[in-house]
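Colleague: need a 3D model of the sequence below.
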Amino acid sequence: MQAELPSAQAAGRSAVKPPEEAAEKPAVDQPKKPRGIIASYASPHAFTPRTRAALVGLGYSVVAASTRGRFDDSSWQPDLRIVDDRHFDKLPVENDLRRKPVIVLTGGRPWEWRNSQTVGEVTRPADLAELYPLIQKALEDTPRRAARTPTHLPARCTRADRRWLGAIVSLSSNGCLFRANSEISPGLDFNLLFPLPRGRMVSTRARAMYREGDRLGMAFTNPPEPSSQAIAEFVTERLATASA
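Modeller: Numbering: from 1, shown residues only. This is a model prediction of the structure:
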């Protein structure tokens with residue numbers, strides 16, 4: 001008889017990859033050199049907790065512009081600027097600004113400042129799920145829609161009267177990589193269940209998109225809001241912890 005899915009408490013204990021998985025290619029790149037330098041013209045309170053640390057965990061360098069010389073970043077040439085719409089006056093002169101993409105953090109009120117390099121706006125406090133695709137669009141040749149993190153979470157897929165037990169080895173708010181010993185064909189829809197630390201349980205529909213050896217790429221299909229929120233918080237926390 002197959003073992004039942006472990007509890008959420010077990011997920012907390014198994015969040016770190018066991019030694020035999022250490023040689024695998026990680027789902028999140030951790031380069032030695034920053035993937036990009038982000039100048040922040042916004043206070044820490046303009047971001048949700050751990051968001052800036054999660055960006056560092058993803059390989060970006062996030063620098064408060066005021067720490068590099070009276071809000072003048074022209075000497076150190078960041079790759080991207082994030083600016084609070086209350087602090088447009090802190091930005092460099094227009095001639096220099098045209099060369100750098102900008103993400104605007106707003107409070108929901110109308111703002112008149114416009115620049116051809118603006119790639120998008122995010123409502124304060126900005127979280128990783130909303131910032132990440134804009135940063136990817138601005139800085140990466142092959143942008144991703146959602147940040148992902150390597151993990152090792154016990155999981156169960158069910159479809160009609162069939163069941164597959166395995167582990168999630170990479171997780172994002174949009175989907176996951178599911179490892180199972182049994183063959184699962186791409187194109188099938190499943191019910192997916194897996195635990196997260198602190199007693200949270202994720203239950204969502206998912207579709208098998210592709211196979212990589214014994215791993216199956218899955219896309220979540222309209223996950224319930226509590227599950228979406230739990231996944232987003234877990235991914236952010238894991239990435240932030242990696243930056244410490």
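Colleague: name the helices or strands packed onto the longest helix seen in the chain?
Modeller: Using DSSP state H, we find that the single longest helix of the chain is helix 225-243. On a contact count with 3 or more Cβ pairs under 8 Å, 6 or more residues apart in numbering; DSSP states H and E, helix 225-243 meets helix 51-57, helix 128-139, strand 148-159, strand 162-172, strand 189-196, strand 200-212. Using the backbone N, CA and C atoms, a C-beta is placed for each residue, glycine as well.
Colleague: and those: which comes nearest residue 37?
Modeller: Closest to residue 37 of the helices and strands packed on helix 225-243 is helix 128-139 (Cβ to Cβ; 9.7 Å).
Colleague: what does the helix or strand where residue 179 lies rub up against?
Modeller: Following DSSP states H and E, one finds residue 179 within strand 175-180. Contact partners of strand 175-180, identified using Cβ atoms under 8 Å, 6 or more residues apart in numbering, comprise 27, 146, 155, 157, 164-171, 184, 192, 206, 209, 212, 214-220.
Colleague: buried subset of the residues you listed as a PyMOL selection?
Modeller: To isolate the buried ones among those in PyMOL, judged by 16 or more other Cβ atoms under 10 Å, type:
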select buried, resi 146+155+157+164+165+166+167+168+169+170+171+184+192+206+215+216+217+218+220
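Colleague: which segments of the protein make up each domain?
Modeller: 8-24+147-243, 36-139 (automatic domain parsing).
Colleague: tabulate the ones you listed (JSON lines), appending mean pLDDT.
Modeller: Formatted as JSON lines, the domains of the chain follow (pLDDT from 0 to 100):
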{"stretch": "domain 8-24+147-243", "mean pLDDT": "85"}
{"stretch": "domain 36-139", "mean pLDDT": "85"}
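Colleague: rewinding a little: out of the helices and strands packed on helix 225-243, nearest to residue 122?
Modeller: Using Cβ to Cβ, the helices and strands packed on helix 225-243 put helix 128-139 closest to residue 122, at 4.6 Å.
Colleague: next, the angle strand 162-172 makes with that closest one.
Modeller: Interaxial angle, helix 128-139 versus strand 162-172 (axes from the mean of the first three to the mean of the last three Cα atoms, to 10 degrees): 60 degrees.
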